[in-house]
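# Next come a sequence and a model predicted from it.
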Amino acid sequence: MDARTITAKERMAIPRQEMPAQDPQVRIGNFNEVNLGLTPEQAQQEALRCIQCKDPVCIAGCPVSIKIDQFIKLIAEGDFMGAVRKIKEDNVLPSICGRVCPQEDQCEKVCVIGKKHKPVAIGNLERFVGDYERMSGQKIDPVIPAPTGKKVAVVGSGPAGLSCANDLAQYGHKVVVFEALHELGGVLMYGIPEFRLPKEIVREELEGLRRMGIEFRTDVVVGRTITVDELMEEEGFDAVFIGVGAGLPWFMGIPGENLVGVLAANEFLTRVNLMKAYDFPKSSDTPVFDCKGKNVAVFGGGNTAMDAVRTAKRLGAEHAYIVYRRSEKEMPAREEEIHNALQEGVEFLLLTIPLEFIGDEKAWLTGVKCQKMELGEPDDSGRRRPVAVPGSEYVLPIDMAIISIGNGSNPLIRQTTPDIEVSKKETIVVDVNTMQTSKENVYAGGDIVTGGATVILAMGAGRTAAAAINEKLAGTAKNFNEW
Ligand code: FAD
């Protein structure tokens, strides 16, 4: 079908194109990506389903306002590189966002087609476009503007820092990104597993940023190696953006949490993803708890919990449980991840809370005492509050417990920069229109401001901050009119 001649009836008759995926029984034996990506033919068919609304509400549903209608139109016309260029005007990481964004709650949720049919698969098309640039080998050369003479430090190389750095470089500022770890990418690299987001893709998208002239310095812990004040006073940075995420795991505070075999999802995932513990001792020096034939329980219901439990399954767990205190409906994880976990044989113990971890005489974990719950009235979050069912306690035998109930912020920046105001929850307080903190010329965004949220919200915050920093620096630049 041709984009120029297709009739409305023909358009509506096209079914939503299914994403090809690895068979669940095969994929639990490997760490390769689950979803395989749309073919060019499928992408064009899917793009033809978009009716090109006069008022594209999908754009308002996207935190970085990607020109969704326009890039989809270009795919429908077969101009894939044109689509790459269009999407990159607003989103520097399309291959990543196409894989991990919760489109079902954002752009696709408001898609007009979705009222009567399945919504246009905007996320899958975004992924297709990002992958097309990479796989076709046709790299878009960045337009590097004349230097403004201004220098900005970006602390943290997660999605917030990367999108901020990209926009600042596009404005012509010299940008240096400081990252505490030896690898760039933040949660994209150390949290989200290979089977959902191959690390090669993150590295490739980072390459695009390097081509913009952005400088990256790894193994620099701001607050230890150098402070925010030193960056400005001694290193001469005109502004600083803080995008250090929320990487400090919360524990449940129940007895037995210090038994051997109880660990945080962040540690488990970092060992497996970043340090490649799944290949220990062949190509990796980092071991991880041996899950083979064991019972592993993950406590929580978010994306991190799904990633951890599916990782445990791939490491050979006999039983991989999700223990969650509410019902499946209240789970914060993406629908697709819940579906994939169920397909892979993960067992969901819903409306269940852990009361106590139980260990043997050598302090090794052997089980968890649980209690059944039922749903009561909605709480502040609007979700129905779980209420304990008296007399429903039981012991679940487990060898490993992974805690995945959320993260707080690392105290380092606030301890070493006391003039940055923080909230009671210890997140950095900003003006949401500019992401400016209480400290002059210091901005912040992403999880360090919102608490654990999403990749695209972090990217949106990075972009807002970059625009505000640019405006601020423009006001003080000698050669502003020449920018
Ligand atoms: P981060 O990605 O956390 O990056 C912060 C970076 O700052 C890190 O690299 C860190 O090492 C560095 N840093 C920290 N302190 C310092 C310091 N003092 N000096 C220098 N560098 C420092 N979101 C989705 O949208 N979809 C998903 O499917 C999804 N899945 C997830 C799965 C997991 C396992 C996790 C943990 C999160 C997931 N999220 C998902 C949430 C999403 O990844 C985060 O909201 C997002 O990464 C936040 O971006 P950020 O840039 O604020 O922080």
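Thanks, I have the structure now. Numbers count the residues shown, from 1 in each chain.

# Please report how far residue 324 lies from the ligand.
To the ligand, residue 324 is 16 Å away according to Cβ to the nearest ligand atom, to the nearest Å. For glycine as for every other residue, the C-beta is placed from the backbone atoms N, C-alpha and C.

# What about the nearest residue to residue 142 once chain neighbours are set aside, how many residues nearby?
In space, and not counting its chain neighbours, residue 142 is closest to residue 212: 4.8 Å by Cβ to Cβ, 6 or more residues apart in numbering. Counted with other Cβ atoms under 10 Å, the neighbours of residue 212 add up to 18.

# Now do the same for residue 212: its pLDDT.
pLDDT, residue 212: 91.

# My read is that it contacts residue 171, right?
No: using Cβ atoms under 8 Å, residue 212 is not in contact with residue 171, being 11.0 Å away.

# Could I have the CA atoms of the lengthiest strand in the chain written out in PDB?
Determined from DSSP state E, the single longest strand within the chain is strand 365-378. C-alpha atoms of strand 365-378 as PDB (Å, rounded to 0.1, in the frame of the first residue of the first chain):
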ATOM      1  CA  LEU A 365      19.000 -17.600  54.300                       C
ATOM      2  CA  THR A 366      16.600 -20.600  54.200                       C
ATOM      3  CA  GLY A 367      13.200 -19.100  54.000                       C
ATOM      4  CA  VAL A 368      10.900 -16.100  54.400                       C
ATOM      5  CA  LYS A 369       7.900 -15.900  56.700                       C
ATOM      6  CA  CYS A 370       5.000 -14.400  54.700                       C
ATOM      7  CA  GLN A 371       1.500 -13.200  55.400                       C
ATOM      8  CA  LYS A 372      -1.400 -12.900  53.000                       C
ATOM      9  CA  MET A 373      -3.000  -9.500  52.400                       C
ATOM     10  CA  GLU A 374      -6.400  -8.300  51.100                       C
ATOM     11  CA  LEU A 375      -7.100  -4.900  49.500                       C
ATOM     12  CA  GLY A 376      -8.700  -2.200  51.600                       C
ATOM     13  CA  GLU A 377      -9.500   1.500  50.900                       C
ATOM     14  CA  PRO A 378      -7.300   3.500  48.400                       C
END
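
# The helix or strand following that strand packs against which elements?
Downstream of strand 365-378, the next assigned helix or strand under DSSP states H and E is strand 384-388. For strand 384-388, the contact count by 3 or more Cβ pairs under 8 Å, 6 or more residues apart in numbering; DSSP states H and E identifies strand 365-378 as packing neighbours.

# for the strand it packs on, what is the average pLDDT?
The model assigns strand 365-378 a mean pLDDT of 94.

# Show me what from the stretch 251-400 of the chain comes close to the ligand.
Neighbours of the ligand within the stretch 251-400 of the chain, by Cβ under 6 Å from any ligand atom: 269, 303-304, 307, 334.

# again, only this time at 5 Å
Proximity of the stretch 251-400 of the chain to the ligand, by Cβ under 5 Å from any ligand atom, involves residues 303-304, 307.

# do the stretch 1-150 of the chain as well
Applying Cβ under 5 Å from any ligand atom, we find that the stretch 1-150 of the chain lies next to the ligand at residue 100.

# can you do 8 Å?
Within the stretch 1-150 of the chain, the positions adjacent to the ligand are 97, 99-102 by Cβ under 8 Å from any ligand atom.

# and the helix or strand where residue 358 lies, what's its mean pLDDT?
Residue 358 is located in strand 352-359, with elements delineated by DSSP H and E. If you average the pLDDT over strand 352-359, you get 97.

# Low-confidence regions, the stretch 351-483 of the chain specifically.
Scanning the stretch 351-483 of the chain for pLDDT under 70 picks out 476-483.

# how about the helices of it, start to end?
With helices called from DSSP state H, counting those that start in this stretch, the stretch 351-483 of the chain shows them at 412-416, 447-450, 455-476.

# And the stretch 201-350 of the chain, by the same measure?
Applying DSSP H, counting those that start in this stretch to the stretch 201-350 of the chain gives helices spanning 228-233, 265-269, 303-314, 335-343.

# Compute the distance between the closest residue to the ligand within the stretch 351-483 of the chain and residue 214, please.
When distances are taken as Cβ to the nearest ligand atom, the stretch 351-483 of the chain reaches nearest to the ligand at residue 446, 2.2 Å away. For residue 446, the distance to residue 214 equals 17 Å [Cβ to Cβ, to the nearest Å].

# How about residue 22, nearest residue that isn't a chain neighbour?
Spatial nearest neighbour of residue 22, chain neighbours left out: residue 34 (5.5 Å); criterion: Cβ to Cβ, 6+ apart.

# Could you tell me how many residues sit around the one you found?
Applying other Cβ under 10 Å, we find 21 residues neighbouring residue 34.

# Correct me if wrong: residue 294 contacts residue 399.
Yes: between residue 294 and residue 399 there is a contact under Cβ under 8 Å: 4.0 Å.

# Deepest-packed of the helices of the stretch 351-483 of the chain, please.
Among the helices of the stretch 351-483 of the chain, the stretch with the highest mean neighbour count (mean count of other Cβ atoms under 10 Å) is helix 447-450, at a mean of 26.

# For it, name the packing helices and strands.
Judged by 3+ Cβ pairs under 8 Å, 6+ apart, the packing partners of helix 447-450 are helix 455-476.

# Using PDB, list the CA coordinates for the helix it packs on.
Output of helix 455-476 as PDB, limited to C-alpha atoms (Å, rounded to 0.1, in the frame of the first residue of the first chain):
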ATOM      1  CA  VAL A 455      14.000   7.400  31.400                       C
ATOM      2  CA  ILE A 456      12.000   9.800  29.400                       C
ATOM      3  CA  LEU A 457      11.100  12.000  32.300                       C
ATOM      4  CA  ALA A 458      14.800  12.200  33.200                       C
ATOM      5  CA  MET A 459      15.500  13.100  29.600                       C
ATOM      6  CA  GLY A 460      12.800  15.800  29.600                       C
ATOM      7  CA  ALA A 461      14.300  17.300  32.800                       C
ATOM      8  CA  GLY A 462      17.700  17.300  31.200                       C
ATOM      9  CA  ARG A 463      16.400  19.200  28.200                       C
ATOM     10  CA  THR A 464      14.500  21.700  30.300                       C
ATOM     11  CA  ALA A 465      17.700  22.400  32.400                       C
ATOM     12  CA  ALA A 466      19.800  22.700  29.200                       C
ATOM     13  CA  ALA A 467      17.500  25.400  27.800                       C
ATOM     14  CA  ALA A 468      17.500  27.300  31.100                       C
ATOM     15  CA  ILE A 469      21.300  27.100  31.400                       C
ATOM     16  CA  ASN A 470      21.700  28.300  27.900                       C
ATOM     17  CA  GLU A 471      19.400  31.200  28.600                       C
ATOM     18  CA  LYS A 472      21.300  32.100  31.700                       C
ATOM     19  CA  LEU A 473      24.700  31.800  30.100                       C
ATOM     20  CA  ALA A 474      23.500  33.800  27.100                       C
ATOM     21  CA  GLY A 475      22.700  36.700  29.400                       C
ATOM     22  CA  THR A 476      26.200  36.700  30.700                       C
END
